[in-house]
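Q: Test case, fold it:
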Amino acid sequence: MIKSRVERATAVIPSSSEPGFAPSDAFVVFAHATLRRELDELAAARPRDSAAPTPHEIHQLRVAARRLRVALRLFRRMLPSRDVAQLRADLKWFAGALGEVRDLDVYAENFRAYAHDVPAEQQHGLGAYELWLRRERAEARSKLASVFSAPRYEALLAKAGTFLADGPSAGSLRRWRSLSTRDGIRRSLATSSSRVRRLGDRITARSTPREIHELRIRSKRLRYELEFFARVYPALGPTARTVKALQDLLGAHQDVYTATARLRRYAAVLRKQATGPVPLPPALAELRRSQLRHARALRQSFVAQWPPFVAIVNDAPKTVL
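A: Now for the predicted structure:
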């Protein structure tokens, strides 16, 4: 079978089993190896046949795209700015194109937990909403084929493969060869952990969803950085897992507010169908209260877990010797 343009481009990328790096190696070489490995993961996660990707596969694709975006952001000073900007824009488009389906997949998993708090005598009032959610999910999934057949998707992998195939240029090596992997990691961790710490210190049980979401984004970036750097400093692995636990808690909080926004969208549909203002049905009003209780409990859990988390993150740069 003749290889597609994407397969030809990504075939030149070395596998992710590249030799290990020493702290004294040039950070720019480590950066390119990390980017190649993350592109490998994205290429490997793409659908291989005409079957619609499963919820797990969609999640893996989205994670792979986000990890590569974080890597491009992390190493951007050592890379051609025009290429980086285009790749990051394409990856943002791709991850966003999967977002609606992923959000609905997550809500489908969480819906019963939220609905559990709705009184038994009101459970029947959730039926129409559940049916609407299933239709929304089916419609979102039906659009996925156009994403994977889009020229922009093929061009994304092809351009990334070409960009990363040869490693750093001679000019880039000359400019950055004095920055060791040790120093590059130390600086990156100091900056990223400080940002997370500043944001987290401001979070309280009354913080807004936007403030918590911003901390989640920063925590996710820090976690991916730690996982990249753990290939040189394995002792960073446990810290990465600790940050992932925090990210999961913050992600659950964001899932609640994504679900609440979807409930508001359904309420707007009901108002439009009634051609006028209508109150939210009792079952859905109770469902909304249940979701907000989940969010409140998660914020309280975060406040309790933050101090020991900070202590662990503060120790991470000390590992880089």
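
Q: where exactly do the strands run in the stretch 51-200 of the chain?
A: Taking DSSP state E, counting those that start in this stretch, the stretch 51-200 of the chain contains no strands at all.

Q: which sections of it are below the confidence cut-off?
A: Filtered on pLDDT under 70, the stretch 51-200 of the chain yields the residue ranges 51.

Q: burial count for residue 314?
A: The number of residues packed near residue 314 is 12, by other CB atoms under 10 Å. In this view, the C-beta of every residue, glycine as well, is placed from N, C-alpha and C.

Q: Hmm, residue 266 is touching residue 130, no?
A: No: using CB atoms under 8 Å, residue 266 is not in contact with residue 130; the gap is 10.5 Å.

Q: and those two? which has more neighbours close in?
A: The residue with more neighbours, out of residue 266 and residue 130, is residue 266; 16 against 13, by other CB under 10 Å.

Q: wait, what's in contact with the more buried one?
A: Taking CB atoms under 8 Å, 6 or more residues apart in numbering as the criterion, residue 266 is in contact with 129, 132, 284.

Q: from those, which is closest to residue 84?
A: Using CB to CB, residue 132 comes nearest to residue 84 of the contacts of residue 266, at 40.8 Å.

Q: quick one: what helix or strand has the closest residue to that closest one other than its chain neighbours in it?
A: For residue 132, ignoring the flanking residues on the chain, the nearest one in space by CB to CB, 6 or more residues apart in numbering is residue 266 at 5.8 Å. Applying DSSP states H and E as the criterion places residue 266 in helix 237-273.

Q: got the buried residues for that helix?
A: By 16 or more other CB atoms under 10 Å, the buried positions in helix 237-273 come out as 239-240, 242-244, 246-247, 249-260, 262-263, 266-267, 270.

Q: what does stretch 141-154 give?
A: Using 16+ other CB under 10 Å as the test for burial, stretch 141-154 gives 141, 144, 147-148, 153-154.
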